[in-house]
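>>> Below are the sequence and a predicted model for it; my questions follow.
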Amino acid sequence: MIEYFHLYVKVDCPFCKEAIDILEKEKREFVVTVLDHCKMFEDGIKNELKFKTVPIVLRCQPDGKVQMVGGCSELKVLMKNEKEQK
């Protein structure tokens, strides 16, 4: 399995769209879970991850480990830092 990102988003969220655009531009693998139609799941995932806004961005490693990235701003910083390390 390869590294990929898992995004929890809401359809009308501009920051969610921006996070998706960033990953597409960087040609990164990702999956999206749309939270619009299940408030109970949305509340549960936000509580579990201790993150109150969307998008919620997770980095999933090939070994099964999951790293909390944060939101769109944190994703931008991560992508910038990775580019600088190359």
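Looks like it came in fine. Numbering: from 1, shown residues only.

>>> Tell me which residues are up against stretch 3-10.
16, 19-20, 23, 28-36, 42, 45, 54-62, 66, 69, 75 (CB atoms under 8 Å, 6 or more residues apart in numbering). C-beta coordinates here come from the backbone N, C-alpha and C atoms, glycine included.

>>> Mind listing what's buried along it?
5, 7, 8, 9 (16 or more other CB atoms under 10 Å).

>>> Restricted to strands, list those.
The strands, defined by DSSP state E, take in 5, 7, 8, 9 from these.

>>> Now render those as a markdown table, adding pLDDT.
What follows is these, written out as a markdown table (pLDDT from 0 to 100):
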| residue | pLDDT |
| --- | --- |
| 5 | 98 |
| 7 | 98 |
| 8 | 98 |
| 9 | 98 |
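
>>> Closest one of those residues to residue 49?
Taking CB to CB as the measure, residue 8 is the one of these closest to residue 49, at 8.3 Å.

>>> So for that closest one, what's the nearest residue that isn't a sequence neighbour?
Distance criterion CB to CB, 6 or more residues apart in numbering; nearest residue to residue 8, sequence neighbours excluded, is residue 56 at 4.1 Å.

>>> One more: residue 67?
In space, residue 67 is closest to residue 59, 4.4 Å off (CB to CB, 6+ apart).

>>> likewise residue 45?
residue 8 (5.8 Å).

>>> now that neighbour: how far from residue 51?
In this view, residue 8 and residue 51 are 9 Å apart by CB to CB, to the nearest Å.

>>> Could I get the average pLDDT for stretch 15-32?
The pLDDT scores in stretch 15-32 average 98.

>>> Show me what counts as buried in it.
So for stretch 15-32, counting by 16+ other CB under 10 Å, buried means 15, 16, 18, 19, 20, 22, 23, 28, 30.

>>> Which helix or strand contains the fourth one?
Residue 19 belongs to helix 14-25 when assigned by DSSP states H and E.

>>> and the residue nearest in space to the middle of the chain, what are its phi and psi?
By CA atoms, centre = their mean, the chain has its centre lying nearest to residue 57, at 1.9 Å. Note on residue 57: backbone dihedrals following degrees, to the nearest 10 are phi -110, psi 120.
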